[in-house]
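> Just a sequence and a predicted model for now, questions to come.
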Amino acid sequence: MIAIFQDMQIHETAFVVSTYRSLHEDVSKDNYAKLWNNPATNALLPTIFKEVSPYEGILHAIRNRFFYESLRSFFNKHKGGTFINFGAGFSMYQFILDDSVNTIDIDKKEILDFKKDRIGKWTAEGKLPHRNIQYLSINFNTAQKEEIVYSLRPLITKKPTFILLEGVLFFLNKNTTDKLFDTFKVLQGKDDLVGSVSYISSIKNTKVYSRLINYFDKNNDTNDSFMHQTIPHSYYEQIPNYRLARATSEFNLLEEYSPAHSSIKENEILNEHLYLLQKM
Ligand SMILES: C[S@@+](CC[C@H](N)C(=O)[O-])C[C@H]1O[C@@H](n2cnc3c(N)ncnc32)[C@H](O)[C@@H]1O
């Protein structure tokens with residue numbers, strides 16, 4: 001078990017977000033997220049809900065639902081293809097998508113070794129349906145664009161592709177972000193999609209964001225430092241070779257996916273913006 005933690009490392013955020021999804025299965029539609037639940041992560045949540053925000057669970061479930069609906073409609077239309085998940089963590093989309101979809105999960109080695117082992121075990125036990133999944137370990141900060149293309153391209157045996165970058169950009173810097181989009185451009189064909197998530201900079205003026213940063217500063221393992229990247233909307237309108245096909249936010253989707261929470265105010269939540277980009 002890699003999640004025996006006193007201090008929070010970046011990969012541990014993957015346990016936290018998968019637990020969030022499991023708390024609102026009716027919204028996230030991810031009925032497999034709960035397989036990752038564990039006592040160490042459960043012990044963190046009351047403090048996060050109290051010290052940062054009580055709405056983190058529902059917002060992450062909404063984020064998951066948005067990308068699930070986007071993936072499902074893309075792959076249904078194309079009757080299969082390849083889903084490439086950059087910074088996949090413990091995402092389980094592949095198991096709720098059609099089995100005609102191939103999946104490539106990309107993350108750091110430590111997290112992927114653990115995920116591969118568990119997925120293999122749960123599939124053998126009949127807890128998960130069989131899916132065609134490949135695992136590729138890459139550190140986005142250190143890998144060159146050419147290396148990523150060289151190792152990823154042979155794994156893409158079914159087109160079209162949908163690339164997802166969910167819950168990752170907060171941890172990366174601008175150069176790495178530019179490099180990733182530059183890499184996607186080489187890998188994708190016309191009309192392929194990229195899904196992305198980030199905060200806009202005005203979030204920094206909110207009390208809830210200050211509480212998030214305080215929480216990370218207090219609990220982050222000092223050997224695992226990361227950026228607190230925010231990205232302006234205009235960045236997505238200027239990515240070479242891509243057209244911004246849809247821009248929305250968790251706040252905008254509350255009414256549709258969780259009407260019970262629709263009275264929440266935008267400046268009280270850690271509202272992430274959600275983007276779909278189409279290759280031109
Ligand atoms: C908050 S989790 C999100 C996981 C998943 N995408 C989701 O939404 O449930 C962030 C993930 O990004 C991965 N990650 C962060 N920085 C990375 C890097 N430099 N290279 C590769 N993966 C990275 C972490 O290991 C972790 O699995």
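Sure thing, it's come through. Note that the structure is predicted; figures quoted are calculated from it, not measured.
> Buried residues in the longest helix along the chain, which are they?
In the chain, assigned by DSSP state H, the helix with the most residues is helix 56-78. Counting neighbours by 16 or more other Cβ atoms under 10 Å, one finds that the buried residues in helix 56-78 are 56-68, 70-72, 74-75, 78. All C-beta atoms are positioned from the backbone trio N, CA, C, and that covers glycine.
> Report all helices and strands that the helix or strand following that helix contacts.
Next along the chain after helix 56-78, taking DSSP states H and E as the criterion, comes strand 81-86. Judged by 3 or more Cβ pairs under 8 Å, 6 or more residues apart in numbering; DSSP states H and E, strand 81-86 is in contact with helix 56-78, helix 93-96, strand 101-107, strand 161-165.
> does the longest one come close to the ligand?
No - using Cβ under 6 Å from any ligand atom, helix 56-78 stays clear of the ligand, coming no nearer than 7.2 Å.
> Next, the angle from that helix to strand 161-165.
Interaxial angle, helix 56-78 versus strand 161-165 (axes from the mean of the first three to the mean of the last three Cα atoms, to 10 degrees): 170 degrees.
> Helix 56-78 vs strand 81-86, what angle?
Going by the same axes, to 10 degrees, helix 56-78 makes 150 degrees with strand 81-86.
> how many other residues sit next to residue 190?
9 (other Cβ atoms under 10 Å).
> Check which helix or strand residue 263 maps to.
Counting by DSSP H and E, residue 263 is found in no helix or strand.
> confidence score at it?
For residue 263, the pLDDT comes out at 93.
> State the mean pLDDT of stretch 26-34.
For stretch 26-34, the per-residue pLDDT averages 98.
> Would you indicate which residues of that stretch are buried?
27-30, 32-33.
> And for stretch 142-154?
Neighbour count says stretch 142-154 has 143, 148, 152 buried, by 16+ other Cβ under 10 Å.
> what's the closest of these to residue 103?
residue 152 (12.7 Å; Cβ to Cβ).
> didn't the closest one look like it was pressed against residue 85?
No - Residue 152 lies out of contact with residue 85 (Cβ atoms under 8 Å); the separation is 11.7 Å.
> how far away is the residue nearest the centre of the chain from residue 219?
In the chain, the centroid-proximal residue (Cα atoms, centre = their mean) is residue 166; its distance is 2.5 Å. Distance, residue 166 to residue 219, by Cβ to Cβ, to the nearest Å: 22 Å.
> again, but for residue 46
Taking Cβ to Cβ, one finds residue 46 at 14 Å from residue 219.
> quick one, phi psi at residue 248?
phi -150, psi -170 (degrees, to the nearest 10).
> Just the element for the nearest residue to it once chain neighbours are set aside, please.
Excluding the flanking residues, the one nearest residue 248 by Cβ to Cβ, 6 or more residues apart in numbering is residue 274, at 5.3 Å. Taking DSSP H and E as the criterion, residue 274 maps to strand 273-279.
> Just the buried residues of that strand, please?
Buried, per 16+ other Cβ under 10 Å, within strand 273-279: 273-279.
> Ok, stretch 43-58 next?
44, 48, 52-53, 55-58.
> Give me the contact list for that stretch.
8, 16, 19-20, 23-24, 27, 208, 211-212, 214-215, 254, 258, 261, 264, 268-270 (Cβ atoms under 8 Å, 6 or more residues apart in numbering).
> Also stretch 189-201?
Contacts of stretch 189-201 (Cβ under 8 Å, 6+ apart): 63, 67, 70-71, 74, 159-170, 181, 184, 188, 209, 229-233, 236, 242, 245, 270-280.
> hey, where'd the strands end up in the stretch 151-280 of the chain?
Here the stretch 151-280 of the chain has its strands, by DSSP state E, counting those that start in this stretch, at 161-165, 193-198, 242-249, 273-279.
> Format those as TSV; extra columns: mean pLDDT and distance to residue 138.
Below are those laid out as TSV (pLDDT from 0 to 100; distance: least, Cβ to Cβ, whole Å):
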stretch	mean pLDDT	distance to residue 138
strand 161-165	98	13
strand 193-198	98	16
strand 242-249	98	21
strand 273-279	98	20
